[in-house]
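> have a look at this prediction, sequence included:
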There are 2 protein chains.
Amino acid sequence: MSVTVIDVAKEAGVSRTTVSNVFSGRAKFSEETRVAVLAAAKKLGYKPNLAARSLITNKSRLIGLILPSYLDTNTLTNSPFYNIIIDGIYAILREEPFYDLMLFTIPRRESLTKASEWIDIRNVDGILAIGEYEPSFLADLNSKDIPIVLIDNYAHNRYQNFAHILSDDETGAFTATQFLIERGYKHIALCSSAMYSPLMQKRALGYKRALDSVGYTEQIFSGGDMAYESGLQFADELIKQNMDAAFCSEDMLAIGLLHALLANGVKVGSEFGLIGFDNINFSKQVYPELTTIDQNIFAKGQTAAKTLLSILKGEEVNLHQVLPVELVIRNTT
Amino acid sequence: MSVTVIDVAKEAGVSRTTVSNVFSGRAKFSEETRVAVLAAAKKLGYKPNLAARSLITNKSRLIGLILPSYLDTNTLTNSPFYNIIIDGIYAILREEPFYDLMLFTIPRRESLTKASEWIDIRNVDGILAIGEYEPSFLADLNSKDIPIVLIDNYAHNRYQNFAHILSDDETGAFTATQFLIERGYKHIALCSSAMYSPLMQKRALGYKRALDSVGYTEQIFSGGDMAYESGLQFADELIKQNMDAAFCSEDMLAIGLLHALLANGVKVGSEFGLIGFDNINFSKQVYPELTTIDQNIFAKGQTAAKTLLSILKGEEVNLHQVLPVELVIRNTT
DNA sequence: CTGAAAGCGCTTACAG
DNA sequence: CTGAAAGCGCTTACAG
């Protein structure tokens, strides 16, 4: 029904091997042949069948992105971070012929088994994965013979053949906290959900280091699963404990806190200093606009995609990349 | 290298045809055979190769989702709507063995040609597409022999074999505007970007119908590409023209307007009534929380996915579905 | 530089 | 109920 390599060969008066060679550019052929094949292909509207190609080359040109969201199934809706990462990945993949991304969302831990099977069934060429995973899953990934690029995974750099893309989380948190100190705030809280995650601990570390350097006392508020809701809930306690500033480990939490503070009549930006982390788009779509640490999430997605592609092509790559962060001063500090 | 159907056949002591039959459940076989095959498959860790299956069945089990974003490449970042739709689609697909979704973002109109080729190359089984498209692209889709489900596409229901999923946009806008009237607001603006789109026109229609019913005059503010920024920019003009309420054709625009109004000292929720459309998550993550029209975007994604799957399975489906909307009263009205 | 042949892992008539 | 054979559309040694 559809046009195959045989049809093109017939039309061009060559063998199908030659047609294949012209498209792949692998073997040598005369200019004349090349032109004839290309003309025939164009005339017939030939398009390669990737499934057939995949079968023989054992390369699917499919990249899998693993997106954990253990709390609920609204993976993309609830993670602005994921959205930006994906946009960054597509920005790279769009320029790369024949590569496609497939998302695999992990709404429950059991889904990791499914993810593993899925990688085999679709014969995924490489994996991009965000966040932390249990050792057994990483061991499983490691046993598959495909490149793995981990984003924001601090816990498992023992797999030296995995690539790691991280941000300089500790420095970011340090910078943020130091900025609050410079602004004259004295009682600076750390607000965070999921303190147990290695990434959040890095950020906590930066906060502590900055406070230690001036001898201020730490005040840590932590708990809750959903960042925005956590932020909302921390406000009362912060006010009660006379905090005059907060460094939040993620923007959505800062935004929740901002709104609860506003509802309590607190003048955020003057009498209360608030700073987030991530610089998701939303952070400048609140009022007042949120001061935050920009981790350039888009570039992170791009870097991850580029790294995976490079490995796939057998190019030299830096397997362990730490991306810089930057303070973005807006109106809450 | 990997375990094939032949290995399983050998292990189970049957032919590969039988193995295939057991997995597909197509032909009849003895219970004994079934157990033997399944045991062998499990023992060897057999997983079907979807590319091979695809080649022979001419079914890829791949669903393509076309996501236009003509303004920039940050498709997901800038469209909360898309995110929720995708989550809805995955909620259905997760339960459907072997089906996968592939996103195709359209950052420029020229990309439509690429999308068309991509559908052929990956042998996509069915298409989900959001929004409006030029007739030539739809004609092209129509020429491919696969089911198409259009979401929020008002302009082209002339392709009767395409499925259409819409929301009751006009009623939603009518309800919203009427609610503002009931609340006692007299000078009710319509704020919208991209008024030329058929969907936005439907919403404009509902607004006009509500105003007409009480004899109020229309005041339309329109322009700008990015919803949030447009909202920001409308505030000055609204204030100058003594508006005391606004129905915004989408939440992000309402949120931009909200923040600009707040910055101007306008008391939104009492002296100014503001209502959005969509009920994206963000609309209840602002302060004050936004009154809006819930169009249940998640269910829309689910409905689209279900509809496509049903067509693919040859089941009876309602090709033209209009989903109900609902007023969600929060604190800006 | 070009072509005939084999084969990737599967399914699907078809014959028994 | 089961098996031998053909073939999906491609690429890759290999021989010429």
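Received it, and whenever you're ready, just let me know what you need.

> what parts of chain A come near DNA strand D?
Applying the criterion Cβ under 7 Å from any atom of the strand, the portion of chain A that neighbours DNA strand D consists of A:1-2, A:4-6, A:16-17, A:19-21, A:23-24, A:26-27, A:46-49, A:52-53, A:55-57. C-betas here are computed from N, CA, C, even on glycine.

> which of these are buried? Put it as a ChimeraX command.
Selection of buried members from the residues of chain A next to DNA strand D for ChimeraX, criterion 16 or more other Cβ atoms under 10 Å in any protein chain shown:
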select /A:4,5,19,20,21,23,46,47,48,49,52,53,55
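
> of the residues of chain A next to DNA strand D, list those near chain B.
Contacts with chain B within the residues of chain A next to DNA strand D, as defined by Cβ under 8 Å from any Cβ of the partner chain: A:S2, A:K47, A:P48, A:N49, A:A52, A:L55.

> could I get the pLDDT score of the third one?
Yep, that's A:P48 we're talking about. At A:P48, the pLDDT value in this model is 91.

> before we move on, what SS does it have?
Secondary structure assignment for A:P48 (DSSP: H, G, I helix; E, B strand; the rest coil): coil.

> find the nearest non-adjacent residue to it, please.
What sits nearest to A:P48 in space, not counting adjacent residues and going by Cβ to Cβ, 6 or more residues apart in numbering or on different chains, is B:I121, at 6.2 Å.

> neighbours of that neighbour, how many?
Under the neighbour criterion other Cβ atoms under 10 Å in any protein chain shown, B:I121 is assigned a count of 19.

> does A:F81 touch A:F277 like I think?
No: proximity of A:F81 to A:F277 does not meet the contact threshold set by Cβ atoms under 8 Å, at 10.5 Å.

> the two: which has the busier surroundings?
A:F277 (28 against 22).

> so A:D294 sits right up against A:V328, yeah?
Yes: A:D294 lies in contact with A:V328 (Cβ under 8 Å); the separation is 4.8 Å.

> please enumerate the shared neighbours of those two.
For the pair A:D294 and A:V328, residues contacting each of them under the criterion Cβ atoms under 8 Å, 6 or more residues apart in numbering or on different chains are A:N279.

> what about the nearest residue to A:K47 once chain neighbours are set aside, neighbour count?
Among residues not flanking A:K47 along the chain, B:D120 sits closest, at 4.7 Å (Cβ to Cβ, 6+ apart). A count of neighbours around B:D120, defined by other Cβ under 10 Å, yields 18.

> list the residues that contact B:D120.
By Cβ under 8 Å, 6+ apart, the neighbours of B:D120 are A:S2, A:K47, B:K144.

> using CSV, write out every CA atom in the host helix or strand of it.
Taking DSSP states H and E as the criterion, the element that holds B:D120 is helix B:111-121. Backbone C-alpha positions of helix B:111-121 (Å, rounded to 0.1, in the frame of the first residue of the first chain) are rendered in CSV as follows:
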residue,chain,number,x,y,z
SER,B,111,6.2,22.2,11.0
LEU,B,112,2.8,20.9,9.9
THR,B,113,4.6,19.3,6.9
LYS,B,114,7.0,17.6,9.2
ALA,B,115,4.1,16.4,11.4
SER,B,116,2.5,14.8,8.3
GLU,B,117,5.7,13.0,7.4
TRP,B,118,6.3,12.0,11.0
ILE,B,119,2.8,10.4,11.1
ASP,B,120,3.8,8.2,8.1
ILE,B,121,7.3,7.4,9.2
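
> so which bits of that helix are buried?
Counting neighbours by 16+ other Cβ under 10 Å, helix B:111-121 gives B:S111, B:L112, B:A115, B:S116, B:W118, B:I119, B:D120, B:I121 as buried.

> is stretch A:105-117 anywhere near chain B?
Yes: where contact is defined by Cβ under 8 Å from any Cβ, part of stretch A:105-117 touches chain B, namely A:T105, A:P107, A:E117.

> mind picking the lowest-pLDDT entry from those?
Within these, pLDDT reaches its minimum at A:P107, with 80.

> spit out the contact partners of that residue.
Contacts for A:P107 (Cβ under 8 Å, 6+ apart) come out as A:S69, A:Y70, A:D72, A:T73, A:T75, B:R94.

> okay, the third one and B:Q285: tell me how far apart.
Between A:D72 and B:Q285 the distance is 16 Å, computed by Cβ to Cβ, to the nearest Å.

> of these two, who's got more company?
Just comparing A:D72 and B:Q285: by other Cβ under 10 Å the higher neighbour count belongs to B:Q285, 20 against 12.
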